[in-house]
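Novice: fold the following.
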Amino acid sequence: MDFELKDEYIELDNLLKAANFAGSGAQAKQFILSGSIKVNGQVEARVRRKLRAGDSVEFGERRIKIVAAQ
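Specialist: Now for the predicted structure:
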């Protein structure tokens, strides 16, 4: 799925909530710290990682591509 940025970036935990991958900030943090999230193909452990257009996030079989606002 594509996620359209409304600002310059979105933080990883907020993206997981906005994309309905996590029901809360605490759940998003738990997913990230457990090593379940990959950013651009690498496991990401930074909860507040800034994601910009061109980045991709993987959570299991699900993938989000960050795109610039049109």
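Novice: which pLDDT value goes with Gln70?
Specialist: pLDDT, Gln70: 74.
Novice: so it makes contact with Glu4?
Specialist: Yes: with contact defined as C-beta atoms under 8 Å, Gln70 reaches Glu4; the gap is 7.0 Å. Placement of C-beta: from N, CA and C, glycine included.
Novice: between those two, which one's more packed in?
Specialist: Glu4 (10 against 4; other C-beta atoms under 10 Å).
Novice: sketch out the low-pLDDT regions of this protein for me.
Specialist: Along the chain, segments meeting pLDDT under 70 are nowhere present.
Novice: now the strands for it?
Specialist: With DSSP state E as the criterion, the chain has strands at 2-4, 10-11, 37-39, 42-43, 50-51, 56-59, 62-67.
Novice: which strands and helices lie in contact with the fifth one?
Specialist: In this structure, strand 50-51 makes packing contacts with strand 10-11, helix 12-18, judged by 3 or more C-beta pairs under 8 Å, 6 or more residues apart in numbering; DSSP states H and E.
Novice: quick one: contacts of the shortest one?
Specialist: If I follow you right, that is strand 10-11. Identification of contacts with strand 10-11 by C-beta atoms under 8 Å, 6 or more residues apart in numbering yields Phe3, Ala18, Val47, Arg48, Arg49, Lys50, Leu51, Ile66.
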